[in-house]
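> What shape does this take:
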Amino acid sequence: MGEDEPFLEEHSVVEPRGFLGGKRIESNSDGKLRKTTFVIACDACGHYPLNEFVICRSCRGKLCDECFTKLDGRPYCRSCLMEKIPIGADAYKILVCIEYEVSSVREIAELTRIEKDEIRSILAHLSAIELVKSTGILAFTERKITADGLRALLAYGKFYEKDEDVKELKQNLEEDATGN
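So this is what the prediction gives:
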């Protein structure tokens, strides 16, 4: 080894899913050391280095604070939550409307700007997965959010409530509820 060559070579690599970081020191035949630091990164968004993280209950991925939510007190990434309770942004908005006791397709369409046929389709899906319960017929249908629907709202809130259209929807619903 020459004088200009470093005795210790250091580098960092992102730790793959399923591993929790650490360090490894190896030497080669020339006696040179190589130190590898395995940095923990969010498996969902790639943010690193993570000093604090949670592990998804389903996929075991490492998640930063922005990329997980809780369902029944357990952490899940967005993908795994979607597998457990499959609802998208429009379904979330419709659940919010029903939570505020706005259940007619016409009123939901006005508030959310979602097409009426799409609302009907989403309502059928929400009923099929038991997040919404409907009673009555045609124009006299009343919809109520179920306990599972409330769980879904709570879990997905972390992801969807940052969207400007959801903020606007909730503001309009709050104003209507208070009569302002």
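
> nearest spatial neighbour of the residue nearest the centre of the chain, skipping sequence neighbours?
Compute the mean C-alpha point of the chain, and by Cα atoms, centre = their mean the closest residue is residue 78, 3.4 Å away. Nearest residue to residue 78, sequence neighbours excluded (Cβ to Cβ, 6 or more residues apart in numbering): residue 159, at 5.8 Å. Every C-beta, even on glycine, is put in place using the N, C-alpha and C of the backbone.

> next one: residue 125
residue 91 (6.8 Å).

> Just the residues contacting the helix or strand encompassing that neighbour, thanks.
Per DSSP states H and E: residue 91 is located in helix 89-99. If you take Cβ atoms under 8 Å, 6 or more residues apart in numbering as the criterion, helix 89-99 is touched by 87, 103, 107-108, 111-112, 114, 118-119, 122-123, 125-126, 131-132, 143-145, 149-150, 152-153, 156, 160, 163, 165-166, 169-170, 173.

> buried sites along it?
Of all the residues in helix 89-99, those buried under the rule 16 or more other Cβ atoms under 10 Å are 90-99.

> before we move on, the earlier item: how near is the residue nearest to residue 125 to residue 119?
Remark: distance between residue 91 and residue 119 (Cβ to Cβ, to the nearest Å) = 10 Å.

> Can you show me the strands along this structure?
With strands called from DSSP state E, the chain shows them at 8-14, 22-27, 33-39, 54-55, 62-63, 68-71, 74-77, 132-135, 142-145.

> circling back to that earlier point, same list, the buried residues of helix 89-99, but as TSV with pLDDT please.
What follows is these, written out as TSV (pLDDT from 0 to 100):
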residue	pLDDT
90	97
91	97
92	97
93	97
94	97
95	97
96	96
97	95
98	96
99	94
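
> Span of stretch 156-165 from start to end?
15 Å (Cα to Cα, to the nearest Å).

> Spit out the contact partners of the residue lying closest to residue 177 once chain neighbours are set aside.
For residue 177, ignoring the flanking residues on the chain, the nearest one in space by Cβ to Cβ, 6+ apart is residue 100 at 6.2 Å. Each residue near residue 100 by Cβ under 8 Å, 6+ apart is listed here: 173, 176-177.

> Kindly indicate the member of those residues with the most neighbours.
The residue in the contacts of residue 100 with the most neighbours, by other Cβ atoms under 10 Å, is residue 173 (17 neighbours).

> Let me see the domain layout of this structure.
8-77, 85-178 (automatic domain parsing).

> What is the distance between the longest one and the centre of its chain?
Using Cα atoms, centre = their mean, to the nearest Å, the mean C-alpha position of domain 85-178 is found 18 Å from that of the whole chain.
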